[in-house]
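Participant: sequence first, predicted model second:
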Amino acid sequence: MEEFRVLKLGVVVIHIPHNIKKKLTFLTGQSDSLADIPVIIYEQSRIKFLSDFSKALLSEQDIRKYPDVATFAFWCRASNLNKIINELDSKNLRVGLGLIYHNSPSNVPVNFAFSLAFGILSGNSSVVRLSSKESESAQFIINVLNRLLADPKYNEIKKIIVIIKFNHDDEVNNFWMSISDGRVIWGGDETVAKMRTYPCKPRAREVVFPDRFSLCAIKAIKIVESNDDDLNKLCASLFNDIYIMDQNACSSPQLFNWVGNAANIKKAKDILWPLFLEYVNSKHSLEPIQYMNKYVDACKSAINNDNVLNIKHKDNLLFNIELSHFHEEQHNQRGYSGTIHEISIESLTELSTIINDRYQTMTYFGFEVEELKSFIISSKLRGIDRVVPIGKSLDMSVIWDGYDIINHLSRTVDVY
């Protein structure tokens, strides 16, 4: 599809046909200036741009209203990006592929910004399709981004970023898929399957993020042995995992596994959950529709699943759904806005009976890192791509869902 690339003053510019252009709404960038300019990964002017973007976001007076945006802004800080660079194996020369198309998700609005950042850092130009679902967080980011790109010093960066919206349209999707050198697809299984029906270039790369399920493992005796200060910190961390995204992210924990003997597990629950609910009450509130949805989902769960033993809730902020045993499709038992499915097990090895390639993140408390590594290796698991302490489930990384994203969206140039 080289006819859609036009050389203008030494720069290859993507030509968007009129029949495609008229169906697009441009939120950032222009229809006649998107350039295909592959550069080395972590190129310094791009690092500087993301650092300035971070500062611009964090300087906004309303940033406290958007904790998901603040998380992205902190991730883009120069200190964090330089830490990533310092951990690189720099033996090989890595260069961007060219043009990357990003289909962003609706369940976690801020992920479009992370996806764009991955495109920038991997040395590529990016077209990002924003979800049609309205999001204050997404609009906040776009407003700041556009103000930053208005600065003439970022004219070159402006050429490699286009953020668009359009209705579901096979013609438009087919166009972008056919000319892109890589595609990053966020969405459910159906979205991934649909996007794969569009032909792509023979050497195009693909990164997909389909439906995933995440869980938490807590060693009960460690809760019992913890002091008040440690328990308060744990509550704050648990709050971040559950309520910042209201468990909408794939990495949000859904299944809580209490590990230990029955006596310690009972003690640990009696200690943690009242303390946690008190913390949630001081920090969070839900919309009426969220209350109703949680209640309806809990009722459905009790009716449709024979492994639901008991449901406890207070003030509707926290639902504890106690399970007697694992469901054969445990990854389909989900909750939102503070819904905890919890089960008691004697050891981590019991989890190997349910973990499949749907499982993404395991958060933990009370386990040693070597203990967790041993569990992953000895169980020969087909799932779990991340194992992080409670409070870190939403921390984005250039390694996500088992992909080294920057390397996957760039090519190695063998020079020796």
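Facilitator: Done, it's in.
Participant: in the lengthiest helix in the chain, what's buried?
Facilitator: Ranked by residue count and defined by DSSP state H, the top helix of the chain is helix 262-283. Within helix 262-283, the residues that count as buried by 16 or more other Cβ atoms under 10 Å are 264, 265, 268, 269, 272, 273, 275, 276, 277, 279, 280. Where you see a C-beta, it was placed from the backbone N, CA and C, and this is true even at glycine.
Participant: helices or strands next to that helix in the packing?
Facilitator: Other helices and strands packing on helix 262-283, by 3 or more Cβ pairs under 8 Å, 6 or more residues apart in numbering; DSSP states H and E, are helix 220-225, helix 228-243, strand 253-259, strand 318-323, strand 339-345.
Participant: return the most buried member of these.
Facilitator: With neighbours taken as mean count of other Cβ atoms under 10 Å, these reach their highest mean count in strand 253-259, at a mean of 23.
Participant: quick check: neighbours of that strand in the sheet, parallel or antiparallel?
Facilitator: Using DSSP bridges, strand 253-259 pairs in its sheet with strand 213-219 (parallel), strand 339-345 (parallel).
Participant: make TSV out of those strands and add distance to residue 304.
Facilitator: Output for these, formatted as TSV (distance: least, Cβ to Cβ, whole Å):
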stretch	distance to residue 304
strand 213-219	17
strand 339-345	13
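Participant: which residue packs closest to residue 310, ignoring adjacent ones?
Facilitator: residue 322 (4.3 Å; Cβ to Cβ, 6 or more residues apart in numbering).
Participant: and residue 71, how many neighbours?
Facilitator: Using other Cβ atoms under 10 Å, residue 71 has 19 neighbouring residues.
Participant: isn't it up against residue 108?
Facilitator: No - using Cβ atoms under 8 Å, residue 71 is not in contact with residue 108, being 10.7 Å away.
Participant: quick one: contacts for the nearest residue to residue 215 once chain neighbours are set aside?
Facilitator: Of all residues not flanking residue 215 in the chain, residue 255 sits nearest, at 4.2 Å (Cβ to Cβ, 6+ apart). By Cβ atoms under 8 Å, 6 or more residues apart in numbering, the contact set of residue 255 is 213, 215, 216, 330, 333, 341, 342, 343.
Participant: the last one reaches residue 322, doesn't it?
Facilitator: Yes - because the distance of 7.5 Å satisfies Cβ under 8 Å, residue 343 is recorded as touching residue 322.
Participant: which residues touch the residue nearest to residue 310?
Facilitator: Residue 322 touches 308, 309, 310, 311, 312, 342, 343, counting by Cβ under 8 Å, 6+ apart.
Participant: go again using 6 Å as the cut-off
Facilitator: Shown in contact with residue 322 (Cβ atoms under 6 Å, 6 or more residues apart in numbering): 309, 310, 342.
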